[in-house]
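show me the folded form of this:
(chains A and B)
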Amino acid sequence: AQSVTQLGSHVSVSEGALVLLRCNYSSSVPPYLFWYVQYPNQGLQLLLKYTTGATLVKGINGFEAEFKKSETSFHLTKPSAHMSDAAEYFCAVRTTGGFKTIFGAGTRLFVKA
Amino acid sequence: DGGITQSPKYLFRKEGQNVTLSCEQNLNHDAMYWYRQDPGQGLRLIYYSQIVNDFQKGDIAEGYSVSREKKESFPLTVTSAQKNPTAFYLCASERGGPTNEKLFFGSGTQLSVL
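Below you'll find the predicted structure:
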C-alpha cells in the first residue's frame, strides 16, 4: 500500500530564507510524485510532479523538488521565501498504472516579514 | 475558460437531512473524484469515477453516495448516515486512465452541521 508522510505540520521561515518542506513516501512500485499548494478556502493546484527521467524537478513560483529513491524522499525547496508563499502544501503519490492519488497530511508554511 | 465549478461554497445541514454538493467540469475529463479535507488529516478519497455510469468507493465512502449520469457532472450526497459531516469537500478531475496526469480541483464546499 502507498502512503505519504510529511514531516512537520507547520513550518515558519523568514522572508528571503530557504524553504524546505519534507516528504517521504512508501510505494512497492515506482511512484509518480506530486506537490500541490492550497491557498485559504481554495482548491489545490499543482506545483510540480515527478514521473520519470531527471530526478530534480522544477515547478512554478521558483519551487523545486528532488526524487531520491534510496531515501524514498521528495522534499520541496525554494531558495528564497516570499510572503506570497504562505499556504498549505501537500505531497502526493500515485503508482504507475494506479487510479488513486494518496495525499500527505499537509504542511502549513508561514512566512515572517 | 475551462475548469471545475463546485456549489454551493457554504452549506449547512440539519440533523437527519441529506444534502447534495454539486461538481461540474467543462474540461472534457473522463475521471472525477471527491475528497474530504479535515484539518491536519490531508485529503481522503470518498468516491471516484473513471467513466460515465460507473464509480467506485474510496477510503471513506460510508455515509456518502454519488452518481455519474453525465460526463460533466459528479454530485455528492451526504446522507444522514454520515454522523460527522463537517468538513471541506473538494471535487477534482483528470483526463482519465492510469496516467501521471495532474488533478484539477474545484474551489471546494464547506459543509457545517446546524
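
residues in contact with the residue in chain A positioned nearest to chain B?
Nearest residue of chain A to chain B: A:G43, at 3.1 Å (CB to the nearest CB). Where you see a C-beta, it was placed from the backbone N, CA and C, and this is true even at glycine. Going by CB atoms under 8 Å, 6 or more residues apart in numbering or on different chains, A:G43 touches B:4, B:6, B:90, B:92, B:105-108.

residue closest to the middle of chain B?
In chain B, the C-alpha nearest the mean C-alpha coordinate belongs to B:W34, at 2.8 Å (CA atoms, centre = their mean).

do chain A as well
A:W35 (3.6 Å).

okay, now the unreliable bits of the chain?
Using chain A. Chain A contains residues with pLDDT under 70 at A:96-97.

wrong chain, I was asking about chain B
Ranges of chain B meeting pLDDT under 70: B:1, B:97-100.

mind listing the strands for chain A?
With DSSP state E as the definition, chain A shows strands at residue ranges A:3-7, A:10-14, A:19-26, A:31-38, A:44-50, A:56-58, A:64-68, A:73-78, A:87-95, A:102-103, A:107-112.

rewinding a little: which strand residues bridge the closest residue to the residue of chain A closest to chain B other than its chain neighbours?
Once flanking residues are discounted, A:G43 sits nearest to B:F105: 3.1 Å by CB to CB, 6 or more residues apart in numbering or on different chains. Beta-bridge pairing for B:F105 (DSSP bridges): B:A92.

check A:L48 too.
The partner residues for A:L48, given DSSP bridges, come to A:W35.

and the contacts of stretch B:9-18?
B:19, B:21, B:77-80, B:85, B:107-114.

of those, which are in range of chain A?
B:107-108, B:110 (CB under 8 Å from any CB of the partner chain).

contacts for stretch A:53-65, please.
A:19, A:23, A:33, A:35, A:46-50, A:66-69, A:74-80, A:84-85.

mind redoing it with 7 Å?
Outside stretch A:53-65, the residues that touch it by CB atoms under 7 Å, 6 or more residues apart in numbering or on different chains are A:35, A:47-50, A:66-67, A:74-78.

filter those residues down to the buried ones, PyMOL style.
Selection of buried members from the contacts of stretch A:53-65 for PyMOL, criterion 16 or more other CB atoms under 10 Å in any protein chain shown:
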select buried, chain A and resi 35+47+48+49+50+67+74+75+76+78
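
can you put the contacts of stretch A:53-65 in JSON lines and add distance to B:Y47?
JSON lines is the format used below for those (distance: CB to CB, whole Å):
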{"residue": "A:W35", "distance to B:Y47": "25"}
{"residue": "A:L47", "distance to B:Y47": "26"}
{"residue": "A:L48", "distance to B:Y47": "27"}
{"residue": "A:K49", "distance to B:Y47": "24"}
{"residue": "A:Y50", "distance to B:Y47": "27"}
{"residue": "A:E66", "distance to B:Y47": "34"}
{"residue": "A:F67", "distance to B:Y47": "30"}
{"residue": "A:F74", "distance to B:Y47": "27"}
{"residue": "A:H75", "distance to B:Y47": "32"}
{"residue": "A:L76", "distance to B:Y47": "29"}
{"residue": "A:T77", "distance to B:Y47": "35"}
{"residue": "A:K78", "distance to B:Y47": "35"}
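
neighbours of the residue nearest to A:G43, how many?
23 (other CB atoms under 10 Å in any protein chain shown).
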